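Student: sequence first, then the predicted structure, then my questions.
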Amino acid sequence: MMERIANHPILGETPKREKITFIYDGKEYEGYKGEPIATALKANGVMTHRYTARTHEPRGVFCAIGRCTDCVMIVDGKPNIRTCITPLEQGMVIETQYGVTAQQ
Amino acid sequence: MFDIQEKLKEIGPYIEEADDDLLVCRCEEVTKGEIRRALHQGIFTIEEMRRYLRSGMGLCQGQTCGKLVKGIIAKELHVSPVDVYPASSRAPMRPTEMRILAEDGGVCHE
Amino acid sequence: MKIERYDMIVVGAGPAGLSAAIEAAKQGLKTIVFDENERPGGQLFKQIHKFFGSKEHKAKVRGFKIGEELLEEAHRYGVEVILNATVIGLYPQKEVTVKIGEELRHYKGDAVLVATGASENMVNFEGWTLPGVIGAGAAQTMMNLHHIKPGKKVLMLGSGNVGLVVSFQLMQAGCEVVALADAAPRVGGYGVHAAKVARCGVPFYLSHTIVKAEGTDHVTGVVIGQVGADWNIIPGTEKHFDVDTICLAVGLSPMAQLLKQAEVQMADTKGGYVPVCTKDGATSVPGIYAAGDVSGIEEASSAMIEGRMSGAAIACYLGYMSEGEKNARMKELEAQLDTLRQGMFAPKNRGKLVEKTDEGIAVSMNLLENGFVADDEIERYPGVTHQKGIHPVIECTQNIPCNPCQDACPKGCIRIGKNITSLPAVEGKKECVGCGMCVASCSGQAIFLVKEDVEPGFGEVTLPYEFLPVPEVGERGLALGRDGREVCSCEVTKVSKAPAFDYTNLLTIKVPNEMLMTARFYKKA
Amino acid sequence: MNNTADVIIIGGGVNGCAAAYYLAKRGVRDVIVLEAAKSIGHGGSSRNGGGVRQSGRDVRELPYAMYGIQYMWPTLSEELGVDVEYTQKGNLRMGKTEEHIKKLQTLASNARAVGLDVKMIDKKEVKEICPYLSDEVIGASWCPTDGHANPLTTTLGYYKRALELGVRFFTEASVKELKKVKGKIRKVILADGTVFEGETVILAAGYESRAIARTVGIDIPMMRLIDEALVTEMQPPMTDVMFGCATADFYGHQTVHGSFVFGSDSGWEPTDEMIDPSNNCVDPSKLITNAFTLSASCRAIQDYIPALTDAKIVRSWCGWLDESFDGVPFLGPVDEVPGLILACGFTGHGFGTAPSVGLMLSQMVVGEPTVVDISALSYNRFLPVR
């Protein structure tokens, strides 16, 4: 689990946001509406987003701004979704990506 | 004019290095050793390297590994990285869904 | 099908893009700005430290505040700022294709300004693809935009300003920075940034790089080692740290692909692949301009001025401003840019070892090699004086373009002079009232107030403190030296918070008199 | 530097590299290849859909297209030591209208006449071969022995093997002029003035061949046209057939990597750049990619393969076709200039035949009969009407 920052010495208190639920690899988790999927996963301790096609290496967030595309996962059935810039929505189904599919 | 055989003679045969199994292109999973080996086979440009090994051809379009590949090529060919011609740059700048492109031109914005 | 038309299209709502748009819109140009991110401001919105420079460069204002001000100004002048708008193509006929939501739109401008900024360089080592190895920009995005800690224990690679600033930010967010490493033999960023990280207890490992990241599914540790003359690791110098995050801050490269696509003449330089352009940003394609990091990496402060210059140039190009008006404006802006490009970190000094300050004082080698000025080196700087009663001690030891401290002191105790890169000097004749404005206004957090003999054998040090929780008066803790080591126990005697301090709280600690020139940070016992 | 060789090949594309390799393989190793660009395979060789097909071809090309598929492509990866990703799973040339079907039928019956196994199939059969296609596809021609390969690795594979066998390659070597000596081809002069000399010169420089041939008084009737290629992100394995359509809106396939590579000649509306300022006429050879080209290509593809609608396009790029006036290449010796052999005008479908073309070029150099008769592709075919 990675701690969220509730209060920051410069930025102050984190604004209240709407709590929602989503499904990650078959289990239900909580996150905030509109935050990047990757942030919600990180808050729930998920580091590994996918395994690569050629050497089956684990990958996660690297650039966090949608450039490197390392953090892609299967979101609502669509592969290669950049989770670091895709907003979380209620009921989203997020799956670990193996190559470009959901399971090996 | 650039003499490929001459350059191949100059750089000598491929000699394995300890970190050759290091990944360089994260998207297409290309290692430093693969790039170095290709160089000693006459694959000298970034463009050829992309085509030969797929380095820089992945989702990020070489944004992450571009500079690293350039550095390896420069070192192996004994030239300055500044003299290694960069890859071309083409649309779309970011991966774009086919349906969004396909609908373009048919919509009128007011 | 419709192509929307504007006088000026700006790609990138960062410091350069927004500044250009404001400058142009002021002259009456119909201007639109696209940015692929959900928030405008580019890197400004992740920068929570106070900026350097002088008033006209918005010095001592925090980056994200500057971003907010720019955005507000842009709106005021009628600039359209479209977010989540990804420019996927730029064509020589000054047409851009923009993906907005589920639509691709076409825009044509009489001028197009590309201000796409930079992308982070990367370095590869064994395990660099493991989850938990992230870019410094990623760390900033996570903690400053998305309110989540990037990691619990972090190793930072890179001692440039980005590495230093982000290390400090990580600690502000509540993360532990176990070490800061850099393959270079000397700290690359501002000494004051390094010093504020070092005094928190972060060890600096210069001439060190990462040997490997450890872990199977994510990072669980890191090994660094000392780099020899041949750039290889010297066997036996390896050190292991338990970390869950490795943060890479090894430089930036201009992100100029769009310009290349538009068939602008490009040049490959040491600083990256950049468009060939005039000083006001005009490229080889008439009507296509570039400003900010995309045309060469500099600070955000310079990017804002470059943006203004391009904005004025485009206004003139399109006939909204006369040649004379433009030249006058350019002169003013060039002067501002010139002052930022002075000092030890000026573009002309990049990569050079500057051994003496402009004043002829030897630069602290300890600062360059370990991140802090040694106790025996500090006395030689003009900001460090010994006086009766409360007075500022200014540990600003490099010539950098920055002068808010001079303006901050209501009593005129601090003098920099006309040249804003000069080292601040403390005027002994003027009387310090201990208001602390200088401490809070120093963007480098390098000013302390020192007062001897508040009680027999003890004095007080007032230091800037930007962490949570803010200690309570009466709390006992440890005073840390410039090197981050514990030097003595101490008591918090005063905590000052004021709107004018802009979240830089002033902490006064009581230490033995002999520790007044040593104690520079506070840690809860 | 020794600037003389038995054979000088102008053009480091797939045909030039293949010719160099087959020459070296048969022992003619004193060969120089001159490539104008910085990179080998910079032209059409890296800007095509990778089709290795026989169906849809003119009957004059079919014999060597069939020869290559029967005898060369299946073992090419092994021979070059590079995976050329040759996949022989058929070519589906689709039609949506009766008019399309008629066109396909004509092509199919012509091909059958020279012995190619190609037949017309109906909507249901099309769906059985590839379930991802649009319901609007009412029929197709189907050639099961067609397929696809990776043009990038094929070109570089030939290059690499030729290098290994001693062929000398020069990049950034733009040829400006040819010169005869005593009535025979001899000198190849670069734009920078460097002179190469050879007994035989193979001209395989795409459209640029026309300007080069003109310097020895030979006019090759072809023009320059642009075509765009694009590639999607990696997809799960969906199909291994080669796609095409009756109207040539697009063509392409899913690669071994998983991405789909397509070529398309849709979306080339005349833009400002094409207008010749001297006469205000539109010049098709000045077509360039515009802001709508990529979209038009995508529209063409999506209309046939709707399953790819969510696939992201990662990159697009374009290249020039050397379009001959009758749609088939100029292949063979030029009688008027002894020693000069032409291999150009491939009209956008020269990749799939490169192995057999390369082989035949090597045969022409040594004066051996070619594996199939290609006299119909001689440059002379235009002489009576010119």
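Tutor: Received the coordinates, thanks.

Student: how about the residues of chain C by chain A?
Tutor: C:36-38, C:48, C:62, C:64, C:119-120, C:129-135, C:137-139, C:141-144, C:146-152, C:172-174, C:216-218, C:466-468, C:470, C:503 (CB under 8 Å from any CB of the partner chain). Placement of C-beta: from N, CA and C, glycine included.

Student: before we move on, which element is B:I100 in?
Tutor: helix B:98-103 (DSSP states H and E).

Student: now that helix: average pLDDT?
Tutor: Per-region confidence: helix B:98-103 scores 93 on mean pLDDT.

Student: what's next to that helix, contact-wise?
Tutor: Residues from elsewhere that reach helix B:98-103 (CB atoms under 8 Å, 6 or more residues apart in numbering or on different chains): B:92, C:99, C:102-104, D:232, D:294-295, D:298-299, D:301-302, D:308-313.

Student: same deal with stretch A:23-32?
Tutor: Counting by CB under 8 Å, 6+ apart, A:17-22, A:37, A:39-41, A:43-44, A:46, A:88, A:91-96 sit against stretch A:23-32.

Student: count the neighbours of residue 33 for me.
Tutor: Going with chain A. Residues within reach of A:K33, counting by other CB atoms under 10 Å in any protein chain shown, total 14.

Student: switch to chain D, please.
Tutor: The burial count for D:V33: 29, using other CB under 10 Å.

Student: just the one 4 residues further on next, same as before
Tutor: Applying other CB under 10 Å, we find 16 other residues in the vicinity of D:A37.

Student: model confidence score at it, please.
Tutor: Here the pLDDT value assigned to D:A37 is 97.

Student: what about it, distance to chain C?
Tutor: According to CB to the nearest CB, to the nearest Å, D:A37 and chain C sit 17 Å apart.

Student: chain neighbours aside, what residue packs nearest to that residue?
Tutor: D:T171 (6.7 Å; CB to CB, 6 or more residues apart in numbering or on different chains).

Student: are any of the contacts of stretch A:23-32 buried, and which?
Tutor: A:20, A:22, A:37, A:39-41, A:43, A:46, A:88, A:92, A:94-96 (16 or more other CB atoms under 10 Å in any protein chain shown).

Student: show me the residues you listed that map onto helices.
Tutor: Using DSSP state H, the members of the buried ones among the contacts of stretch A:23-32 that fall in helices are A:I37, A:T39, A:A40, A:L41, A:A43.

Student: who are the neighbours in contact with residue 83?
Tutor: Reading this off chain A. The contact partners of A:T83, taken as CB under 8 Å, 6+ apart, are A:P36, A:I37, A:A38, A:L41, A:H49, A:V61, A:C71, A:V72, A:M73, A:V75, A:I94.

Student: that answer is for a different chain, and I need it for chain B
Tutor: Counting by CB under 8 Å, 6+ apart, B:D83 touches B:A74, C:D268.

Student: and it, how close does it get to B:K70?
Tutor: When distance is defined by CB to CB, to the nearest Å, B:D83 is 10 Å away from B:K70.

Student: what do you get for D:Q54?
Tutor: The gap separating D:Q54 from B:K70 is 41 Å, by CB to CB.

Student: ok, the two, which is more surrounded?
Tutor: D:Q54 (29 against 23).

Student: was I right about the more buried one contacting D:P144?
Tutor: No. Counting by CB atoms under 8 Å, D:P144 is not a contact partner of D:Q54; they are 10.6 Å apart.

Student: what ranges does chain A have for its strands?
Tutor: A:7-8, A:12-13, A:19-24, A:27-32, A:50-51, A:58-59, A:72-75, A:78-82, A:93-95, A:97-98 (DSSP state E).

Student: thinking C:P131 is in contact with C:D217, fair?
Tutor: Yes. Using CB under 8 Å, C:P131 makes contact with C:D217 at a distance of 7.1 Å.

Student: need the residues touching each of those two.
Tutor: Joint contacts of C:P131 and C:D217 (CB under 8 Å, 6+ apart) are A:M47, A:T48, A:P58.

Student: any idea which of these is closest to C:K55?
Tutor: Nearest to C:K55 out of these is A:M47 (CB to CB; 44.8 Å).

Student: what's around the closest one, how many residues?
Tutor: Neighbours of A:M47 (other CB under 10 Å): 21.

Student: try the one 3 residues further on
Tutor: When neighbours are defined as other CB under 10 Å, A:R50 has 25 of them.

Student: contacts only, for the nearest residue to it once chain neighbours are set aside.
Tutor: Distances taken as CB to CB, 6+ apart place A:Q97 nearest to A:R50, at 3.8 Å, with adjacent residues excluded. Counting by CB under 8 Å, 6+ apart, A:Q97 touches A:H49, A:R50, A:Y51, A:V72, A:M73, A:I74, A:P79, A:N80.

Student: having no further points to raise, I will conclude here.
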